[in-house]
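S.K.: Sharing a model that was predicted from the sequence below.
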Amino acid sequence: MSVDETGPPQSSQQAGAAAPAPGAMPAEEPVTKPANGAQAAPDGKPRQRGFRPDIQGMRALAVSMVVIYHLWPSLLPGGFAGVDVFFVISGFLITGHLLREYQKTGRVALVGFWGRRAKRLMPAAALVLSVTWVASRFLLPATQLAATAAQIRASALYFQNWQLAADAVNYLNADSAATPVQHFWSLSVEEQFYLGWPLLFLLAALAALTVRRRTRETASATAQARRARGHLAVLLLACAVVAASLWYSVYYTRVNPAGAYFVTTTRIWELGVGGLLALLPEPVFRRLGRLGLLGWAGLGLVIASAFGLSGTAAFPGFLALLPVGGAAALILGGSELGRFGPHRLMSARPLVFLGGISYSLYLWHWPVIVFWTNWRGHSAGALSGPAIIAVSVALAWLTKVWVEDRVRTASLLAGHDWRSVSVALAAVVPVVLVSVYIVGEAAPWNGSLGPNYPGAAALASKTTIKVKAEPTLPSPTAISLPEYWQQGCLVAVSSATPIECVYGDTKDPVLTVALVGDSLAGDWFTPLQQIAVKRHWKLVTELHAVCPLSTTMMITPDSGGPYTTCHTWGTAVVHDLITSIKPDVVITSEFPGLATVKDPSGGAAAQQDIGNGMAQDWEQLQSHGISVVAIKESPDVGLNIPNCIAKNPSSLNNCTIPTARAIPAKKDLPTTYATRATGDSVPLIDMNALICGPVSCPPIVGNVLVYQDNHHLTSTYALTIAPYLEQRLLTASKTLGKT
């Protein structure tokens with residue numbers, strides 16, 4: 001986020017992923033609302049500047065929520081709401097600064113405004129990004145460097161929130177480990193706010209000039225009247241922006257909770273609420289400010305959000321009203337004006353100190369946590385957590401004193417707007433550092449396998465195959481997604497609209513085969529594409545992330561509510577298969593583990609419920625002359641294999657999982673329940689003996705990397721299974737066996 005002249009940071013939820021993303025904090029204008037409440041007199045004279053230590057205390061509270069949440073999420077499940085508190089503070093302080101300037105001069109100097117933002121934000125951010133990249137090269141596994149480099153570049157250029165939003169709806173990326181700069185997303189939101197919000201004042205000034213007055217006025221009175229009209233105009237414009245953004249936040253959080261967490265359009269209203277506080281007429285602000293109980297109520301709402309919210313709920317939407325409303329009430333009733341209010345508590349010296357370094361603390365704490373976690377291999381504990389906090393506070397204080405303050409008060413920049421704006425060029429340093437890596441990064445491997453790369457054949461052979469040791473293909477750092485995935489043919493979790501893609505023999509096919517299911521079904525796309533070309537099948541894909549083809553209403557993995565997008569998608573796909581696609585055979589599979597509305601706790605009962613729903617869809621297809629072949633669920637090793645190999649290049653045993661754990665002996669799998677429910681009229685093919693051995697599931701088989709994460713096969717390895725898959729399909733399906 002951005003800062004005012006004494007700025008802090010901000011926090012976040014994960015979104016996209018199951019848990020909230022690292023939080024971020026804002027940088028603000030100096031805390032300038034005077035302690036006595038004097039801002040602008042009714043005659044329109046500019047508001048006086050003053051220091052509100054209670055707002056520094058609010059910053060300390062917000063950054064503490066974020067840090068505790070990132071270290072111990074179960075202790076403070078809603079700590080990510082600290083970012084929302086910072087958004088309100090930032091909007092309040094920045095708008096107050098713009099309003100004072102407008103009331104004093106009748107205009108807003110954009111270059112000067114942006115120059116102050118650049119001096120306040122960029123030096124510390126560029127330092128942290130540069131140091132983080134250098135440290136990443138030594139401390140992170142090679143498989144995480146590409147994502148880290150891309151996010152550092154996006155962070156330095158302040159568009160990272162949009163990149164994270166795109167990754168959040170990319171099923172594979174959303175499941176990836178958080179980078180050490182993921183928390184910069186909220187800084188991107190704030191910077192985008194700082195670019196656009198001042199334009200409201202320009203529009204308001206223009207509107208004030210176009211309103212003609214019939215009464216005669218002195219030049220001074222005319223100027224004051226114009227500024228008063230401009231003040232009213234900017235207030236109305238701000239109300240419109242806040243209302244539109246809040247409506248969109250509620251809407252988009254419902255339809256795409258993963259992406260909605262990050263995008264600017266769902267967050268602007270939170271900064272705008274702070275802006276509306278600063279735009280309140282002085283008598284109204286002072287009257288509300290005397291209500292000390294309002295401040296206590298706001299503090300209570302903020303604390304309640306820290307304990308009452310959870311990363312499993314869709315956010316922001318309506319839920320963000322809790323921390324945003326609390327922050328707004330605390331700003332209104334937390335000053336010295338408020339009788340019996342929380343001013344003395346929020347102005348305590350330790351809180352004021354922590355609020356003063358909150359921006360740098362926010363920047364440093366998350367990289368320190370990520371590096372420590374990667375080094376130790378587990379999350380922070382009762383002893384290591386406080387040590388991480390101490391290191392982060394020390395780094396923040398040093399950065400505040402030697403970087404933030406030195407640049408902000410530098411005589412070379414004082415009074416020179418364009419020189420101040422040029423400080424933004426500090427972003428060039430981290431951008432150049434990571435760009436060198438990105439340009440030299442190896443392209444995904446898409447070549448052919450030689451004789452020393454048998455892959456699945458090493459497990460298929462009844463006799464032990466001696467395989468000459470060769471470099472693993474694909475390299476863990478150069479894995480390419482399946483073709484259908486690259487071409488956007490995997491429907492996102494938040495979408496209910498089917499995407500039909502066609503492959504294989506599209507000119508003169510002898511029959512049509514449809515691959516239907518989730519991304520685990522998509523694992524079989526690459527070998528099926530090869531088989532389809534060879535046997536002149538038209539191959540149609542209907543694939544949806546985390547969504548088995550079943551009539552059962554499941555629970556969405558993001559928000560915990562009914563998985564309506566998956567259910568609607570499945571209904572539409574079955575309709576399309578029957579009425580328009582009309583395949584000869586449907587091949588399907590899925591990844592188990594979702595809970596259902598009927599059995600929200602999951603387990604065997606939920607898997608049977610899903611399986612029964614799958615059977616209903618299969619029987620409906622069969623009743624229309626479409627045969628179905630199911631492929632048993634693939635193993636789940638529960639470990640990101642490429643990352644593990646990168647960390648243990650000479651100790652692959654650390655990345656080898658017992659087969660009994662990856663493929664449970666119990667039959668609690670949806671495909672098993674589904675085939676039973678159909679009276680075994682649907683054949684069930686088991687390919688798992690070609691993925692795992694009798695005892696263990698090795699990460700590399702026949703010099704070929706097996707997994708691209710913890711349960712998706714690499715396209716390369718799946719291709720080595722093609723001959724065996726073809727044979728079993730032809731045997732299991734009479735329709736396919738005729739080709």
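M.R.: Good, I have the coordinates.

S.K.: can you give me the helices in the stretch 501-650 of the chain?
M.R.: Taking DSSP state H, counting those that start in this stretch, the helices of the stretch 501-650 of the chain run over residues 519-522, 525-535, 564-576, 603-623, 641-647.

S.K.: just those helices: most buried one?
M.R.: Neighbour counts (mean count of other C-beta atoms under 10 Å) averaged over each of those peak at helix 519-522, with a mean of 25. Quick note: C-beta positions are derived from backbone N, CA and C, even for glycine.

S.K.: quick one: buried residues of the strand or helix carrying I388?
M.R.: With secondary structure defined by DSSP states H and E, I388 is part of helix 384-399. Residues of helix 384-399 classed as buried by neighbour count (16 or more other C-beta atoms under 10 Å): 384-385, 388-389, 392-393, 395-397, 399.

S.K.: what residues does that helix touch?
M.R.: The set of residues external to helix 384-399 that reach it, using C-beta atoms under 8 Å, 6 or more residues apart in numbering, is 67, 71-72, 124, 127-128, 354, 357-358, 360-361, 363-365, 368-369, 372, 376, 380.

S.K.: Would you mind checking these for buried ones?
M.R.: Looks like those have 67, 71-72, 124, 127-128, 354, 357-358, 360-361, 363-365, 368-369, 372, 380 buried, using 16+ other C-beta under 10 Å.

S.K.: The residues you listed in helices, which ones?
M.R.: Counting by DSSP state H, the part of the buried ones among the contacts of helix 384-399 found in helices is 67, 71, 124, 127-128, 354, 358, 360-361, 363-365, 368-369, 372.

S.K.: which of the residues you listed lies closest to E483?
M.R.: Nearest to E483 among these: I369, at 37.1 Å, using C-beta to C-beta.

S.K.: What pLDDT is listed against that closest one?
M.R.: What the model reports as pLDDT for I369 is 96.

S.K.: Does it touch A380 like I think?
M.R.: Yes - between I369 and A380 there is a contact at 6.8 Å, judged by C-beta atoms under 8 Å.

S.K.: picking that back up, pipe the buried residues of helix 384-399 into JSON lines and attach pLDDT and distance to V629 per row.
M.R.: Output for those, formatted as JSON lines (pLDDT from 0 to 100; distance: C-beta to C-beta, whole Å):
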{"residue": "S384", "pLDDT": "92", "distance to V629": "51"}
{"residue": "G385", "pLDDT": "92", "distance to V629": "51"}
{"residue": "I388", "pLDDT": "96", "distance to V629": "52"}
{"residue": "I389", "pLDDT": "96", "distance to V629": "55"}
{"residue": "S392", "pLDDT": "97", "distance to V629": "55"}
{"residue": "V393", "pLDDT": "97", "distance to V629": "60"}
{"residue": "L395", "pLDDT": "97", "distance to V629": "58"}
{"residue": "A396", "pLDDT": "97", "distance to V629": "59"}
{"residue": "W397", "pLDDT": "97", "distance to V629": "64"}
{"residue": "T399", "pLDDT": "96", "distance to V629": "60"}
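
S.K.: now G455, nearest residue through space, not along the chain?
M.R.: Distances taken as C-beta to C-beta, 6 or more residues apart in numbering put T720 closest to G455, at 2.7 Å, once the chain neighbours are dropped.

S.K.: so what sits against both of I369 and A380?
M.R.: 71, 388.

S.K.: so who does V706 touch?
M.R.: 641, 691, 697-700, 713-714, 717.

S.K.: redo that, cut-off 7 Å
M.R.: 641, 691, 699-700, 713-714, 717 (C-beta atoms under 7 Å, 6 or more residues apart in numbering).

S.K.: shaky segments in the stretch 251-400 of the chain?
M.R.: For the stretch 251-400 of the chain, applying pLDDT under 70 flags no range at all.

S.K.: again but with the stretch 51-200 of the chain, I slipped
M.R.: If you take pLDDT under 70 as the line, the stretch 51-200 of the chain has these spans: 168-176.

S.K.: Helices of that one, start to end?
M.R.: 53-71, 82-105, 110-139, 145-156, 160-168, 171-174, 185-196, 198-210.

S.K.: Columns distance to A615 on top of those helices, output as TSV?
M.R.: Listed next are these as TSV, based on distance: least, C-beta to C-beta, whole Å:
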stretch	distance to A615
helix 53-71	43
helix 82-105	45
helix 110-139	48
helix 145-156	40
helix 160-168	33
helix 171-174	26
helix 185-196	43
helix 198-210	58
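
S.K.: Ok, which of those comes nearest G341?
M.R.: helix 53-71 (8.6 Å).

S.K.: Report all helices and strands that that closest one contacts.
M.R.: helix 82-105, helix 321-333, helix 343-346, helix 349-356, helix 358-376, helix 384-399 (3 or more C-beta pairs under 7 Å, 6 or more residues apart in numbering; DSSP states H and E).

S.K.: Please look at F80 and Y69 and confirm they touch.
M.R.: Yes - with contacts counted by C-beta atoms under 7 Å, F80 reaches Y69, the gap being 5.5 Å.

S.K.: Neighbour count for those two, which is higher?
M.R.: More crowded of F80 and Y69, by other C-beta atoms under 10 Å: F80, with 33 against 28.

S.K.: measure that one to T264 for me?
M.R.: Taking C-beta to C-beta, to the nearest Å as the measure, F80 falls 17 Å from T264.

S.K.: Show the contacting residues for the closest residue in space to A532 that isn't next to it in sequence.
M.R.: In this structure, A532 finds its nearest non-sequential neighbour in G504, 3.0 Å apart by C-beta to C-beta, 6+ apart. By C-beta under 7 Å, 6+ apart, the residues touching G504 are 529, 532-533, 537-539.

S.K.: Distance-wise, check G504 relative to T541.
M.R.: Distance from G504 to T541, by C-beta to C-beta: 10 Å.

S.K.: Ok, L639 next?
M.R.: As for L639, its distance to T541 is 28 Å (criterion: C-beta to C-beta).
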